[in-house]
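> Return a 3D structure for these sequence lines:
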Amino acid sequence: MAQATTEGTFAAAQPAPRLLRRGTRWGEMLVKGVMAAAALISVATTIGIVVALLTPAIDFFREISIIDFLTGTRWAPLFEPAGFGVLPLLTGTFVVTMWAMVIALPFGLGSAIYLSEYARPRVRKVLKPALEVLEGIPTVVYGFFALLFFTPLLQGIGVPLQVFNPLSAGIVMGIMIIPTVASVSEDAMHAVPQDLRAGAYGLGASRLQVATRIVVPAAISGIIAGFVLGISRAIGETVIVLIAAGNLARITFDPTKAIQTMTAFIASTGQGDVPTGSIEYKTIFSVGLTLFVITLAINIISIRLVRKYREVYE
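Sure thing, here's the model as predicted:
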């Protein structure tokens, strides 16, 4: 009895075994260094973009009131008398983005639901890469597709479109964005635990009820992220609107008339003969800064929504 007690005390007094570090893991340190460098490069790039936009934009707003810039209804910086109201560009961007989202959001979400809940594994392996091929098509191809095919097609069925119009540009842009929305949303749905589906089926739910009342609400944070990513891409798209939407800055919500977006103005003016350092040249950066702020605001709102509706599964 005493011997057993002594042995137990001796065992308790022994220090716990320690894992000895046999050497420096150079490969792991190299990977950490590369990842840290990538993160720093990303942050430095963002800071560089902000600085590059801010410096000329501040010079612009020293000459043009920011109130006049944000509330003015005439945008004609290259004409006499010049007008520096950005509302026409904001309206054009909103109209094209709205029509793009009318196509991209429902069709993208529908595609995601089908791939996640209805398609067989073999069909999914074929359809998802085929859908994502649309993302690899150059945007200039989409632009000419809208101008040379979609606009004549709509005119042929009786829609009174001008040659350049936001309706065709928005619809084709929506087709281009469908894979983005579908891919992100489908990944979010695929991550929903199978137990939730099994429980719903055990209660007698149909496949449609499981998809719309179980899976979609459970994956809503990822779906919102896909929607916001699609909206951000639509706002920042340049080539399609430059080719198919027109180059006339005016306030109109009529999708049959030519308009101009912020990105189209930046692209067309940046390729022109505007003298560097002039007030006309600085409008490029003021519009670019406005676009940057809008995109940043959308992403901040999306982050808050994603955090609010995020589902955590163990």
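> residue closest to the middle of the protein?
Centroid-nearest residue in the chain, with Cα atoms, centre = their mean: L229, separated by 2.2 Å.
> For it, list the residues it contacts.
180-181, 184 (Cβ atoms under 8 Å, 6 or more residues apart in numbering). C-beta coordinates here come from the backbone N, C-alpha and C atoms, glycine included.
> The same query, at a cut-off of 7 Å, please.
Listed by Cβ atoms under 7 Å, 6 or more residues apart in numbering, the contact set of L229 reads 180, 184.
> Check E135 too.
179-180.
> go with 6 Å
Shown in contact with E135 (Cβ atoms under 6 Å, 6 or more residues apart in numbering): P179.
> buried set for whichever strand or helix holds V126?
In this structure, V126 sits in helix 121-136 according to DSSP states H and E. Buried residues in helix 121-136, defined by neighbour count with 16 or more other Cβ atoms under 10 Å: 124, 128, 131.
> Not counting its neighbours along the chain, what's nearest the second one?
Spelled out, that is K128. The spatial neighbour of K128 that comes closest, neighbours along the chain excluded (Cβ to Cβ, 6 or more residues apart in numbering), is L115 at 5.8 Å.
> Number of residues surrounding the one you found?
The number of residues packed near L115 is 21, by other Cβ atoms under 10 Å.
> Can you tell me the element the residue nearest to the centre of the chain falls in?
helix 220-236.
> how about that helix as PDB, C-alpha atoms only?
Output of helix 220-236 as PDB, limited to C-alpha atoms (Å, rounded to 0.1, in the frame of the first residue of the first chain):
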ATOM      1  CA  ILE A 220     -28.200  33.700 -47.300                       C
ATOM      2  CA  SER A 221     -24.900  35.300 -46.200                       C
ATOM      3  CA  GLY A 222     -23.100  33.700 -49.100                       C
ATOM      4  CA  ILE A 223     -25.900  34.600 -51.500                       C
ATOM      5  CA  ILE A 224     -25.800  38.200 -50.400                       C
ATOM      6  CA  ALA A 225     -22.000  38.200 -51.000                       C
ATOM      7  CA  GLY A 226     -22.600  36.900 -54.500                       C
ATOM      8  CA  PHE A 227     -25.200  39.600 -55.200                       C
ATOM      9  CA  VAL A 228     -22.900  42.400 -54.000                       C
ATOM     10  CA  LEU A 229     -20.100  41.000 -56.000                       C
ATOM     11  CA  GLY A 230     -22.300  41.100 -59.100                       C
ATOM     12  CA  ILE A 231     -23.500  44.600 -58.400                       C
ATOM     13  CA  SER A 232     -19.900  45.800 -57.900                       C
ATOM     14  CA  ARG A 233     -18.900  44.300 -61.200                       C
ATOM     15  CA  ALA A 234     -21.800  45.800 -63.000                       C
ATOM     16  CA  ILE A 235     -21.000  49.300 -61.600                       C
ATOM     17  CA  GLY A 236     -17.400  49.000 -62.600                       C
END
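> what about that helix, average pLDDT?
Mean per-residue pLDDT for helix 220-236: 90.
> before we move on, the earlier item: contacts only, for the residue nearest to K128.
The contact partners of L115, by Cβ under 6 Å, 6+ apart, come to 124, 128, 186.
> that older thread, Serialize the buried residues of helix 121-136 to TSV and add fields for pLDDT and distance to F292.
TSV is the format used below for the buried residues of helix 121-136 (pLDDT from 0 to 100; distance: Cβ to Cβ, whole Å):
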residue	pLDDT	distance to F292
R124	85	37
K128	84	32
L131	84	30
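> do you know how far G170 is from T256?
12 Å (Cβ to Cβ, to the nearest Å).
> Looking at the two now, which is surrounded by more residues?
More crowded of G170 and T256, by other Cβ under 10 Å: G170, with 28 against 15.
> Helix or strand: which one has that one?
Short version, using DSSP H and E: G170 is in helix 166-190.
> how big is the angle separating that helix from helix 121-136?
140 degrees (axes from the mean of the first three to the mean of the last three Cα atoms, to 10 degrees).
> buried residues in whatever helix or strand A39 lives in?
Per DSSP H and E: A39 is located in helix 26-63. Under the neighbour-count criterion of 16+ other Cβ under 10 Å, helix 26-63 has 53, 56-57, 60 buried.
> what's it packed up against?
helix 279-309 (3 or more Cβ pairs under 6 Å, 6 or more residues apart in numbering; DSSP states H and E).
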